[in-house]
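Build the 3D model from these lines:
(4 chains)
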2 protein chains.
Amino acid sequence: MNMVQKTAETQTKPISVIIVEDFKLTRVGLRCALNANDDINVVAEAEDAVEGLKLIERHKPDVILMDLGLPGMNGIEAMVKCKEMNFDSKIIALTSHDRCEEVIAALTSGASAYCLKDIDPNKLADVVRDVSTGVCWIDPMVAQMTLNSLPKIDNAGLLPNKSNNEGRVPLTEREFEVLKHLVSGKSNTEIAKELIVSVHTAKAHVCSILQKMCVNDRVQAAVKAVKEGMV
Amino acid sequence: MNMVQKTAETQTKPISVIIVEDFKLTRVGLRCALNANDDINVVAEAEDAVEGLKLIERHKPDVILMDLGLPGMNGIEAMVKCKEMNFDSKIIALTSHDRCEEVIAALTSGASAYCLKDIDPNKLADVVRDVSTGVCWIDPMVAQMTLNSLPKIDNAGLLPNKSNNEGRVPLTEREFEVLKHLVSGKSNTEIAKELIVSVHTAKAHVCSILQKMCVNDRVQAAVKAVKEGMV
DNA sequence: CAATAAATTAGACAGTTGGGTAATGGATTA
DNA sequence: TAATCCATTACCCAACTGTCTAATTTATTG
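Okay, here's the model as predicted:
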């Protein structure tokens, strides 16, 4: 039952990898895990960003494994500098955190993949292969979060399609404002204060939002709004 | 520590897949390519979105392969409706185009992966495996484009951060159950009825959920849960 | 101009929510 | 065994929610 799925075992030269990681033990672990694969070759290792950048410049590796929590220059800065050097090395960001801003920052600063450190070593090899071909790969723990950070686009009429508009919700502009505050968890009183109207007004808006969205309470409205990218 | 080699070859039941694709020939191709793998099982196929949604509702598959260019209701609408049904099926968007808006629209509408149709069949199987575990996988042809669409964040001083791991939420199993009901908009009374406990219990759980998630009310909890993919 | 829709305000009311505090039994762990 | 954590129940209370009815003002549109 074990035959097909190695998409990478071709005859071409192995994927060259550089590891930038401050913990010696993790470094060794990464090297061993990756070098166990015939098609992957760890060509160098660095324990800080400065050294890492030098090695990257020298070796021009296919893939860079970059720890984000480095002493001195952090991994994200390092990635930016790396991209400025203009090789087409692909970068895998590696951390143990799953903070939203960090994930986004890494991915917008040059990383093609984001892995948490507890990834299975064999899986990591797969990711290295994927990323070397240009794939964007994001760890399950942060995937949803990342996808939710993408800008919402009005899907209606995106594809040659007509019949759809009926399901849509025709909220007024004011109601949209209210909805945004509602989604951010504000109470009617807070919404009223924010929009400089009376609580009665805020309540009235919320009420008509609920009816237009066909839901029973503000929680459902908020969830629906988030899920459908209305906000 | 870990003897697994191929992340998929375990003894657990195969990954169930539903294919929604209008071209018969492509459908056959997809089915054959996937069914060639012991750990993947194509349980149904549909040639349009309406039929697809019915099948999805019936089978609750692990993974859905969704063509975006369907006649009638398009794939993106179908994904939205699919997400509304609230199973945790993962969706792979499949098209032959690489239009930016379409990619983003797909990923924000519920897709966990975006594949172009000329993908290697074995690679597709890998993607199915990855996606079934929650990975976000984006085809090389559109990966860079997608990453560029992420909101830019000011990286300065992003990382000097260690104390943050506390932000993570260690909800108990019971609390997770309650959270799910909460997200679906149920009141404490309804949650209590659902879990066959008293309202007091439900309230207690909700209360500790709010504290653990560091939010002030159930709306914020629901939104956070949805945004971070906790449910 | 008249009709329609949106935004605003108000009072009232039953029901829900979230915070405290406190007690009990069961399970796991030190 | 003792200490902890979890699930469960209970009561109180201030605050908030959602619905109703009803009225005024401003735009927009036929």
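
distance of the nearest residue to residue A:188 once chain neighbours are set aside from residue A:184?
Excluding the flanking residues, the one nearest residue A:188 by Cβ to Cβ, 6 or more residues apart in numbering or on different chains is residue A:202, at 4.6 Å. In this view, the C-beta of every residue, glycine as well, is placed from N, C-alpha and C. According to Cβ to Cβ, to the nearest Å, residue A:202 stands 14 Å off from residue A:184.

More neighbours: the two, which one.
residue A:202 (23 against 15; other Cβ atoms under 10 Å in any protein chain shown).

is it true that that one touches residue A:196?
No. Using Cβ atoms under 8 Å, residue A:202 makes no contact with residue A:196, being 10.4 Å away.

For stretch A:210-217, list the C-alpha coordinates in CSV.
Extracted in CSV, the C-alpha atoms of stretch A:210-217 (Å, rounded to 0.1, in the frame of the first residue of the first chain):
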residue,chain,number,x,y,z
LEU,A,210,-32.0,40.6,12.3
GLN,A,211,-35.2,40.4,10.2
LYS,A,212,-33.4,41.1,6.9
MET,A,213,-30.8,38.6,7.6
CYS,A,214,-33.4,36.0,8.7
VAL,A,215,-31.9,35.3,12.0
ASN,A,216,-33.1,35.2,15.6
ASP,A,217,-30.5,37.1,17.5
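
That one and chain B in contact?
Yes. Applying Cβ under 8 Å from any Cβ of the partner chain, one finds stretch A:210-217 in contact with chain B at A:215, A:216, A:217.

next helix or strand past the host helix or strand of residue A:129?
Element membership of residue A:129, judged by DSSP states H and E, is helix A:121-132. Heading C-terminal from helix A:121-132, the first helix or strand you meet, by DSSP H and E, is strand A:136-138.

residues contacting the nearest residue to residue A:124 once chain neighbours are set aside?
Spatial nearest neighbour of residue A:124, excluding adjacent residues (Cβ to Cβ, 6+ apart): residue A:33 at 6.0 Å. With contacts defined as Cβ atoms under 8 Å, 6 or more residues apart in numbering or on different chains, residue A:33 is in contact with A:121, A:122, A:124, A:125.

now do residue A:64
By Cβ under 8 Å, 6+ apart, the contact set of residue A:64 is A:17, A:18, A:20, A:52, A:56, A:82, A:89, A:90, A:91, A:92.

Helix, strand, or coil at the closest residue to residue A:31 other than its chain neighbours?
Spatial nearest neighbour of residue A:31, chain neighbours left out: residue A:42 (4.8 Å); criterion: Cβ to Cβ, 6+ apart. Following DSSP: H, G, I helix; E, B strand; the rest coil, residue A:42 is assigned to strand.

And the residue of chain A closest to chain B?
Using Cβ to the nearest Cβ, the closest approach of chain A to chain B is made by residue A:144 at 2.5 Å.

The residue sitting nearest the centre point of chain A sits in which helix or strand?
Taking Cα atoms, centre = their mean, the centroid of chain A lies closest to residue A:146, which sits 3.5 Å from it. Using DSSP H and E, residue A:146 sits within helix A:140-149.

Also residue A:16?
Assigned by DSSP H and E, residue A:16 belongs to strand A:15-20.

List the buried residues of that strand.
A:15, A:16, A:17, A:18, A:19, A:20 (16 or more other Cβ atoms under 10 Å in any protein chain shown).

between that strand and helix A:121-132, how big is the angle?
If you take axes from the mean of the first three to the mean of the last three Cα atoms, to 10 degrees, strand A:15-20 sits at 110 degrees to helix A:121-132.

what is the mean pLDDT for stretch A:71-91?
The average pLDDT within stretch A:71-91 is 83.

Which positions in chain A make contact with DNA strand D?
When proximity is defined by Cβ under 7 Å from any atom of the strand, chain A lies next to DNA strand D at A:187-189, A:203-204, A:206-207, A:210-211, A:216-219.

I'd like these as TSV, with secondary structure, pLDDT and neighbour count appended.
Formatted as TSV, these follow (DSSP: H, G, I helix; E, B strand; the rest coil; pLDDT from 0 to 100; neighbours: other Cβ atoms under 10 Å in any protein chain shown):
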residue	secondary structure	pLDDT	neighbour count
A:187	coil	92	16
A:188	helix	93	20
A:189	helix	92	11
A:203	helix	93	15
A:204	helix	91	15
A:206	helix	93	20
A:207	helix	93	11
A:210	helix	91	16
A:211	helix	89	9
A:216	coil	90	12
A:217	coil	92	14
A:218	helix	93	23
A:219	helix	94	23
